[in-house]
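Enquirer: Build me a model from this:
(2 chains)
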There are 2 protein chains.
Amino acid sequence: MWIESVSFNEDGLVPVIVQDAANARVLMMAWANREALEETVRTGRGVYFSRSRGRLWRKGEESGNVQLVKEVRLDCDGDTVLYVVEQIGGMACHTGRESCFYRRLDEEQWVVVDPVLTDPNELYKH
Amino acid sequence: MWIESVSFNEDGLVPVIVQDAANARVLMMAWANREALEETVRTGRGVYFSRSRGRLWRKGEESGNVQLVKEVRLDCDGDTVLYVVEQIGGMACHTGRESCFYRRLDEEQWVVVDPVLTDPNELYKH
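Expert: Residues are numbered from 1 along each chain as shown, chains lettered A, B, ... in the order given. The predicted model follows:
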């Protein structure tokens, strides 16, 4: 069974790196439990475990911006997963940006280098 | 101070995603403590905290395959870091592969889809 090769941590979670299938950008990092991984594989949509809410988080359930998972990869130690996705809406970040990694270190300062594509207040309206 | 924007977990660690600057592949995921991040920024080389060895891990210290860090990014929550690197030797994985994510889920089986570039026994000789 494929899930047996995944090493979950002491909280039953595994980090998931999410990469855009189209342009290879790293979009976000989130956590998954066994149930989230199994649902992702079964449905082909990005599902995570929200540590703050303590429940499954079906990415896009509020914003409509779901992730179509094209590829699931596992690392050498079995303790990190990679989803390669088509990000519907073109934004993975709750700030309305393409990627959550929109700050770059420049002369020891974090500089915002990616634009907001949609006002986050609009994102969560529907 | 830039380091104050980084949220370390209860063990004083932050996950670091490592991406290849040349081809955008996700190479590995590792952990860093404050000291590792500061040394990375100061020296421009990928430094991590090895949880198994309980000490700083200067990537390439055994294999010679250091990482030249071209860019450091921080995510929206401040709890995940991204290093964009030039991977000397072209292999980030201890198995002698380019990336640690060399297994892809295919019909509910993990399939090795990336070749071994160098025998790992050769990698750690010098």
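Enquirer: Spatially nearest residue to the closest residue to chain B within chain A (excluding sequence neighbours)?
Expert: Here chain A gets closest to chain B at one residue, residue A:24, 3.6 Å apart by CB to the nearest CB. Any C-beta I mention is one placed from the backbone N, CA and C, and that applies to glycine too. Of all residues beyond its chain neighbours, the one nearest residue A:24 is residue B:24 (3.6 Å), with distances taken as CB to CB, 6 or more residues apart in numbering or on different chains.
Enquirer: Doesn't the one you found lie inside a helix?
Expert: No. Per DSSP: H, G, I helix; E, B strand; the rest coil, residue B:24 lies outside any helix segment and is coil.
Enquirer: And for residue A:50, the neighbour number?
Expert: Residue A:50 has 14 neighbouring residues, counting by other CB atoms under 10 Å in any protein chain shown.
Enquirer: Below-threshold pLDDT in chain A: ranges please.
Expert: Applying pLDDT under 70 to chain A picks out residues A:125-126.
Enquirer: if you set the cut-off to 80 instead, what comes out?
Expert: Along chain A, the model assigns pLDDT under 80 to residues A:123-126.
Enquirer: Stretch A:27-40 and chain B, are they touching?
Expert: Yes. Applying CB under 8 Å from any CB of the partner chain, one finds stretch A:27-40 in contact with chain B at A:28-29.
Enquirer: And stretch A:115-126, by the same measure?
Expert: No. Judged by CB under 8 Å from any CB, stretch A:115-126 stays clear of chain B, getting no closer than 10.5 Å.
Enquirer: any residues touching that stretch, and which ones?
Expert: Stretch A:115-126 has contacts (CB atoms under 8 Å, 6 or more residues apart in numbering or on different chains) with A:62-65, A:89-91, A:94-98.
Enquirer: Sort out which residues of it are buried, please.
Expert: residue A:123 (16 or more other CB atoms under 10 Å in any protein chain shown).
Enquirer: likewise stretch A:39-55?
Expert: Under the neighbour-count criterion of 16+ other CB under 10 Å, stretch A:39-55 has A:39-40, A:45-49 buried.
Enquirer: out of those, what pair is the most spread apart?
Expert: Using CB to CB, those reach their maximum pairwise distance at A:45 and A:49, which is 14.4 Å.
Enquirer: which residues in chain A form strands?
Expert: Secondary structure of chain A (DSSP state E): strands located at A:14-20, A:26-32, A:47-50, A:55-58, A:67-74, A:81-87, A:103-106, A:109-112.
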